[in-house]
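J.: predicted model follows, preceded by the sequence.
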Amino acid sequence: MTRETVRAIFAMRQRTLPNGEAAHVFVLPDKHPLHERFTKEILGVYPHQLRLSWDRLVFSGTGQAPNEVGSIEEMRQRVASTPGGLGYLDKGAVDDSVSAFSVE
């Protein structure tokens, strides 16, 4: 998946995955170290900037924020059990229940 597609999906500007399936985005809390690393390294924004964009969508009535999960284990379970589920995990946390992809 391209970096631009991932950015659009996690910014909630793109509501479908590249295969056309509805995207259901899961994120960890803003202060979680993995969330901070993901937003900075992959999305190129700080967590508070991403939160501001979600808040604008919610308050304007044009979109919704992603689903927040409380732990890495919950992230894996929710992504695995949700058709179109998309989230992020450390490589060591990936198991057979989820599919991993690289961001180009």
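T.: Yep, it's here.

J.: tell me where this structure has helices.
T.: 3-10, 33-38, 47-60, 72-81 (DSSP state H).

J.: what's the distance between the residue of the chain most remote from its centre and V45?
T.: Centroid-distance maximum for the chain: S60 at 20.9 Å, with C-alpha atoms, centre = their mean. From S60 across to V45, the span is 19 Å (C-beta to C-beta, to the nearest Å). Every C-beta, even on glycine, is put in place using the N, C-alpha and C of the backbone.

J.: cool, and S99?
T.: Here S99 is placed at a distance of 25 Å from V45 (C-beta to C-beta).

J.: remind me, longest strand of this structure?
T.: strand 24-27 (DSSP state E).

J.: that one pairs with which strands?
T.: Strand 24-27 sits in its sheet next to strand 67-68 (parallel), strand 85-86 (parallel), going by DSSP bridges.

J.: contacts for the last one, please.
T.: Identification of contacts with strand 85-86 by C-beta atoms under 8 Å, 6 or more residues apart in numbering yields I9, L17, A23, H24, V25, F26, R78, V79.

J.: avg pLDDT for it?
T.: Mean pLDDT, strand 85-86: 96.

J.: Y46: how many residues sit nearby?
T.: Neighbour count of Y46, defined by other C-beta atoms under 10 Å: 13.

J.: does it touch R37 like I think?
T.: No. Between Y46 and R37 there is no contact under C-beta atoms under 8 Å: 11.4 Å.

J.: what is the end-to-end distance of stretch 75-94?
T.: Terminal residues of stretch 75-94 lie 10 Å apart, using C-alpha to C-alpha, to the nearest Å.

J.: and what of stretch 2-21?
T.: 16 Å.

J.: tell me the buried residues in stretch 63-71?
T.: P66, V69 (16 or more other C-beta atoms under 10 Å).

J.: any idea how far it is from the chain center?
T.: 8 Å (C-alpha atoms, centre = their mean, to the nearest Å).
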